[in-house]
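>>> pasting the structure only:
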């Protein structure tokens with residue numbers, strides 16, 4: 001049964017990154033680079049937002065700009081020219097598409113998935129460490145599984161979550177999406193992909209080079225978190241052991 005669930009989950013995850021064919025998505029303007037402009041206009045606009053791409057790929061002993069930095073033995077994908085933050089020419093499955101509009105849609109999806117994964121990769125083990133104590137303190141039921149795992153599609157236990165929580169979660173998500181959409185409309189061609197106007201600590205630099213570095217850092221953390229949360233889910237589904245117990249050296253400091 002768990003094998004079937006793992007396969008189904010993998011299919012769903014893969015489908016979440018497939019570019020939709022609905023006209024609404026194909027016609028939506030993803031601002032940072034226009035699909036109907038000529039290549040020079042796209043390059044000028046991208047450089048005004050993120051600065052000029054590196055002149056060569058000498059960091060990886062590869063001076064041929066047509067080759068991927070991440071996989072120097074294959075050609076760089078058509079859309080990945082090194083302009084976008086975090087772009088090292090890695091797209092073995094061709095998910096970036098063949099046009100800039102698709103590329104910007106997929107980049108937006110990547111950023112959102114990464115941010116959710118960063119929250120999840122912290123919340124998952126925190127729940128396994130603290131849920132019992134918090135539930136006991138407030139006289140609430142323990143929401144972990146019998147083996148102490150966080151509730152999930154593969155682990156089960158989601159039926160114990162109060163529907164009111166899901167209503168709040170979806171409402172907050174809808175508000176964030178609405179604000180992001182309004183910002184896209186307001187910023188127009190100057191919109192930075194993934195910028196929903198939330199920077200209460202003013203971490204985003206003003207200069208173009210600083211913005212690109214900050215975005216690259218976020219993407220790297222998000223990509224790592226997506227791999228980590230996938231590892232959490234698969235590991236617990238296969239071994240029925242909480243990640244905080246499977247790898248206690250990361251979650252239980254020596255002497256505590």
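Now that the structure is in, tell me what you want to look at. Owing to the predicted nature of the structure, the values given are computational and were not obtained by experimental measurement. Residues are numbered from 1 along each chain as shown.

>>> just the helices in the stretch 1-150 of the chain please.
Counting by DSSP state H, counting those that start in this stretch, the stretch 1-150 of the chain forms helices over residues 2-15, 23-27, 39-50, 100-138, given from the N-terminal end onward.

>>> any idea which of these scores lowest on pLDDT?
Taking the average pLDDT of each of the helices of the stretch 1-150 of the chain, the minimum falls on helix 23-27, with a mean of 38.

>>> count the neighbours of the closest residue to residue 245 other than its chain neighbours for me.
By the measure of CB to CB, 6 or more residues apart in numbering, the closest residue to residue 245 outside its immediate chain neighbours is residue 148, 7.2 Å from it. All C-beta spots, glycine's among them, are computed from the backbone N, C-alpha and C. Residue 148 is flanked by 18 other residues according to other CB atoms under 10 Å.

>>> let me see the contact set for residue 169.
Residue 169 makes contact with no residue, according to CB atoms under 8 Å, 6 or more residues apart in numbering.

>>> contacting residues around the nearest residue to residue 85 once chain neighbours are set aside?
When the adjacent residues along the chain are set aside, residue 85 lies closest to residue 215, with 3.7 Å between them (CB to CB, 6+ apart). Residue 215 is in contact with 50, 85, 86, 192, 194, counting by CB under 8 Å, 6+ apart.

>>> specify which member of these is nearest to residue 166.
Within the contacts of residue 215, distances to residue 166 taken as CB to CB reach their minimum at residue 194, with 24.9 Å.

>>> and that closest one, that one's in a helix?
No - with DSSP: H, G, I helix; E, B strand; the rest coil as the criterion, residue 194 is located in coil rather than a helix.
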